[in-house]
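J.: sequence and predicted structure below; questions after.
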Amino acid sequence: MTGVWHPNTQMAEWGEFGTIVRGEGMWLVDSDGHRMLDAVASMWCNVWGHSEPELVSALARQAENLQHAPLFNLTHPSAERLAEHLLRMCPEMDGVFYSDNGSTAMEAAFKMAVQYWDNQGAADKVRIAGLEGGYHGDTLGAMAAGYSAGFFGRYEGMIPQGVRLRIPRPGDGSEEWDACLDEAAPILENDETLAAMAMESGAQVAGGARIYPPRFQRDMADLCRRNGVLVIFDEVATGLGRLGAMAEYSRQGAEPDIVSYSKMLTGGYLPMAATLATGRVREAFLGRHGENLHLFHGHTYTGNPLAAAVACRNMEMYRERSLLEHVRRISGEFGGLVRAAEDMDIVAEVRHEAMLAGIRLDWEPPAGHSANHILYHIGRKNGVYLRTLGSTILVVPPLAIGEDELRQMVSGVLDTVRDVALR
Ligand SMILES: Cc1ncc(COP(=O)(O)O)c(C=O)c1O
């Protein structure tokens with residue numbers, strides 16, 4: 001065991017980790033020269049593959065010029081340009097607040113929502129509602145809005161009290177989604193302490209690729225709006241093309257008051273996040289010095305120039321290389337390939353939308369072992385890097401993956417499922 005304490009990992013179980021020394025396109029290469037296709041897009045971030053020359057040179061150019069300057073009292077061209085890109089992508093939004101990762105993007109969103117009301121004298125609106133099974137990160141506010149007992153039960157006592165809205169369990173009929181909306185309605189109507197409702201846009205990814213049925217997100221947002229509850233969409237994992245649209249909320253026909261992005265914003269190269277708000281929200285923070293209306297939030301590396309420059313280049317490349325058209329073209333094939341798993345007895349369910357798939361296994365690891373540990377090692381043998389969520393295998397290819405490597409990736413995943421069945 002080395003000194004590195006790995007995230008969400010039972011260190012005694014793992015003992016040793018593969019050492020990745022190089023990234024080459026869609027491949028991760030370890031110190032033994034073993035190659036694995038990155039079927040997790042390096043935690044759902046990677047867009048173009050590893051070592052993409054355009055992003056590397058955007059980083060180098062910015063590094064030669066300005067590595068870091070604060071957004072406290074100052075601005076810099078890369079932060080300004082990135083805000084322009086984001087506001088073009090989300091024309092309904094008016095302001096961009098930067099932070100470093102998905103959790104902080106959501107914390108900023110929650111604080112914006114609470115202070116939005118407080119600035120208008122509604123100091124009792126302090127709670128955030130979230131959907132059961134939702135995930136918004138590992139920080140306190142994010143744990144409250146995206147609470148799951150399995151992930152966060154150990155911290156229950158320190159987590160701010162949120163409101164959890166039910167969504168259907170796997171296997172429930174589709175009519176259950178409407179029943180959940182009916183249950184949410186009186187809560188959103190009567191709970192005077194609610195500042196906002198937060199939900200992942202399009203699908204719950206960490207929840208096992210739970211894809212919402214058409215209209216669910218829009219109906220939930222409408223319900224909030226009718227009851228004066230702000231709408232926060234978390235597009236950290238599902239925006240920027242993962243489900244087929246840059247702003248996933250536009251595909252859902254639902255408008256947020258606040259929306260967050262991170263993960264693929266820099267193509268998976270540097271930590272960066274953005275929380276966007278509408279003009280109505282932003283204006284509630286304007287006033288005279290001394291009224292204390294401004295947002296009391298900021299991080300040291302907020303809007304870091306290196307990350308912002310890479311994010312700008314990344315967003316330009318989406319357009320130059322017509323990435324969403326590529327996603328549209330290739331995602332049908334991806335769905336067809338991954339759905340072959342439905343024929344396997346060990347597979348309980350396959351979920352797929354655009355460049356996201358989840359294969360839920362009807363299988364439990366032996367007592368004292370984690371499914372993730374077992375599946376990682378079998379995946380490695382089959383040439384794919386996997387990080388699974390319990391017995392659900394998420395397949396999250398870098399968006400720009402070509403047909404051959406996509407086929408090879410899914411085939412490595414299906415071989416892994418077959419090997420688990422034979423154990
Ligand atoms: C939807 C969603 N929101 C927020 C987060 C938290 O992002 P980070 O891990 O960068 O803090 C994640 C991470 O997986 C996520 O999937």
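T.: The structure has been received and is ready for your questions.

J.: spatially central residue for the chain, please.
T.: By Cα atoms, centre = their mean, the chain has its centre lying nearest to residue 237, at 2.1 Å.

J.: for that residue, which non-adjacent residue is spatially closest?
T.: residue 205 (4.3 Å; Cβ to Cβ, 6 or more residues apart in numbering). Quick note: C-beta positions are derived from backbone N, CA and C, even for glycine.

J.: circling back: please look at the residue nearest to the centre of the chain and residue 202 and confirm they touch.
T.: No: Residue 237 is beyond contact range of residue 202, at 9.1 Å (criterion: Cβ atoms under 8 Å).

J.: picking that back up, what's the spacing between the residue nearest to the centre of the chain and residue 260?
T.: 10 Å (Cβ to Cβ, to the nearest Å).

J.: anything in contact with each of those two?
T.: When Cβ atoms under 8 Å, 6 or more residues apart in numbering defines a contact, the residues bordering residue 237 and residue 260 alike are residue 102.

J.: neighbours of the residue lying closest to residue 230 once chain neighbours are set aside, how many?
T.: Spatial nearest neighbour of residue 230, chain neighbours left out: residue 196 (3.9 Å); criterion: Cβ to Cβ, 6+ apart. Counted with other Cβ atoms under 10 Å, residues neighbouring residue 196 total 25.

J.: for the residue nearest to the centre of the chain, phi and psi?
T.: phi -100, psi -20 (degrees, to the nearest 10).

J.: check it and give its pLDDT.
T.: Looking at residue 237, its pLDDT is 98.

J.: likewise residue 172?
T.: 87.

J.: ok so, going back, list the contacts for the residue nearest to residue 237?
T.: Applying Cβ under 8 Å, 6+ apart to residue 205 gives the contacts 44, 135, 237, 238, 356, 394, 396.

J.: ok, which stretches of the stretch 1-150 of the chain are strands?
T.: 20-24, 27-30, 35-38, 95-99, 127-131 (DSSP state E, counting those that start in this stretch).

J.: just the stretch 301-423 of the chain next, same as before
T.: Secondary structure of the stretch 301-423 of the chain (DSSP E, counting those that start in this stretch): strands at 347-353, 356-361, 384-385, 392-395.

J.: so which of these gets nearest residue 242?
T.: Residue 242 sits nearest to strand 356-361 of all these, at 5.7 Å, using Cβ to Cβ.

J.: identify the residues contacting that closest one?
T.: By Cβ under 8 Å, 6+ apart, strand 356-361 touches 170, 203, 205, 208-211, 238, 242-243, 334-335, 338, 341, 346-352, 371, 391-396, 413, 417, 420.

J.: the inter-axis angle of it versus strand 347-353?
T.: Per axes from the mean of the first three to the mean of the last three Cα atoms, to 10 degrees, the angle that strand 356-361 makes with strand 347-353 is 170 degrees.

J.: pairing partners for strand 356-361, with directions?
T.: Within its sheet, strand 356-361 is paired with strand 347-353 (antiparallel), strand 392-395 (antiparallel), according to DSSP bridges.

J.: only alpha carbons, please: show the shortest one as CSV.
T.: Output of strand 392-395 as CSV, limited to C-alpha atoms (Å, rounded to 0.1, in the frame of the first residue of the first chain):
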residue,chain,number,x,y,z
THR,A,392,-24.4,-1.9,-12.1
ILE,A,393,-21.8,-1.5,-14.8
LEU,A,394,-21.8,2.0,-16.3
VAL,A,395,-20.5,2.3,-19.8
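
J.: quick check, it touching the ligand?
T.: No: judged by Cβ under 6 Å from any ligand atom, strand 392-395 and the ligand are separated, with a smallest distance of 10.4 Å.

J.: count of neighbours near residue 329?
T.: Residue 329 has 11 nearby residues by other Cβ under 10 Å.

J.: and what of the one 5 residues further on?
T.: Taking other Cβ under 10 Å as the neighbour definition, residue 334 ends up with a count of 24.

J.: please tell me how far it sits from residue 201.
T.: 20 Å.

J.: for residue 177, same thing?
T.: 16 Å.

J.: who's more crowded, those two?
T.: Regarding residue 177 and residue 201, a neighbour count based on other Cβ under 10 Å identifies residue 201 as having more, with 30 against 19.

J.: contacts only, for the more buried one.
T.: Contacts of residue 201 by Cβ under 8 Å, 6+ apart are 217, 233-235, 238-239, 243, 248-249, 252, 254, 256, 259.

J.: how about the secondary structure of residue 242?
T.: Each residue gets one of three states, and residue 242 gets coil by DSSP: H, G, I helix; E, B strand; the rest coil.

J.: OK, contacts around it?
T.: Contacts for residue 242 (Cβ under 8 Å, 6+ apart) come out as 44, 248, 264, 354, 355, 356, 396, 399.

J.: swap in residue 373?
T.: Per Cβ under 8 Å, 6+ apart, neighbours of residue 373: 10, 13, 14, 365.

J.: what are the pairing partners of whatever helix or strand residue 275 lives in, and which direction each?
T.: In the assignment (DSSP states H and E), residue 275 maps to strand 273-277. Note on strand 273-277: by DSSP bridges, its sheet partners are strand 95-99 (antiparallel), strand 258-261 (antiparallel).

J.: spatially nearest residue to residue 188 (excluding sequence neighbours)?
T.: Ranked by Cβ to Cβ, 6+ apart and with sequence neighbours excluded, the top spatial neighbour of residue 188 is residue 227, at 4.4 Å.

J.: get me the contact residues on the chain for the ligand.
T.: Taking Cβ under 6 Å from any ligand atom as the contact definition, the chain meets the ligand at 101-103, 106, 135-137, 200, 205-206, 234, 236-237, 262.

J.: 5 Å instead, please
T.: 101, 102, 103, 136, 137, 200, 205, 234, 236, 237 (Cβ under 5 Å from any ligand atom).

J.: so which of those are in helices?
T.: Counted as lying in helices by DSSP state H, out of the residues of the chain next to the ligand, are 102, 103.

J.: can you select the buried ones from the residues of the chain next to the ligand in PyMOL?
T.: Here is the PyMOL command that selects the buried residues among these (16 or more other Cβ atoms under 10 Å):
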select buried, resi 101+102+103+136+137+200+205+234+236+237
